[in-house]
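J.: Only the shape, not the letters, is given here:
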């Protein structure tokens, strides 16, 4: 596990690449820190299906977090990003096949645990949150349920559906931290009822549901800003 030298200086944050070796798997990751800040808080960013750790909206969220003095990190999910040679954005039907690569659900949990452990060894333990929608919730709800280092989570656009729907429903009652949950009312990919079922199953009493009209990816820009404000408040 080491930094890979793929560093960049961006508008309001510094970017460092790293590479993990977990259970025989190579897991690429990125760590962002705000310029001019010690970054005493951290958020894990889970990307959506068919995208990758540096998808445009993940970069937007990392930048918004940096503006609050919060560091963030992302890794490529199973069978995604630099862990595949396929362009999944052009082959969305291959999403489930990609998810089951590299150990699937259990391997994914090991990957995220290794990523957070690596950053904590390098930079120290800090109040930590999660931000992830769609596949970012397929990864993030299990991580949040299993790891008490996660103190608040932004989840959504996922439900009792998909490759790990059963695991999500089984683990949801174990989520005990504050949760903000997004639903797109006209979601053409994940049925709205399935999203509401998952939200209902989440165990914490500190949860809010935020619904907006529109399709799966038509999330209002205000939700990105408000979700970062939520994590900023919860991790303060």
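T.: Cool, got the structure. The model shown is predicted, which means the values in this text are computed figures rather than measured ones.

J.: mind listing what residue 184 touches?
T.: Residues near residue 184 by Cβ atoms under 8 Å, 6 or more residues apart in numbering: 157, 192, 211-216, 218-219. Where C-beta positions appear, they are placed from N, C-alpha and C, glycine not excepted.

J.: Could you list the buried residues of stretch 104-122?
T.: 105, 107-112, 114-116, 118-119 (16 or more other Cβ atoms under 10 Å).

J.: now residue 109: how far from residue 214?
T.: 31 Å (Cβ to Cβ, to the nearest Å).

J.: re earlier: adding pLDDT and secondary structure as columns, could you present the buried residues of stretch 104-122 in CSV?
T.: Converted to CSV, those look like this (pLDDT from 0 to 100; DSSP: H, G, I helix; E, B strand; the rest coil):
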residue, pLDDT, secondary structure
105, 88, helix
107, 94, helix
108, 95, helix
109, 96, helix
110, 97, helix
111, 97, helix
112, 98, helix
114, 97, helix
115, 98, helix
116, 98, helix
118, 97, helix
119, 97, helix
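
J.: what's the closest of these to residue 30?
T.: residue 115 (10.0 Å; Cβ to Cβ).

J.: That closest one and residue 76 touch, don't they?
T.: No - using Cβ atoms under 8 Å, residue 115 makes no contact with residue 76, being 10.4 Å away.

J.: which residues are common contacts for the two?
T.: Joint contacts of residue 115 and residue 76 (Cβ under 8 Å, 6+ apart) are 27, 29.

J.: which residue sits farthest out from the middle of this structure?
T.: Of all residues in the chain, residue 36 has its C-alpha farthest from the mean position, at 24.9 Å, by Cα atoms, centre = their mean.

J.: Look at that one and tell me its secondary structure.
T.: coil (DSSP: H, G, I helix; E, B strand; the rest coil).
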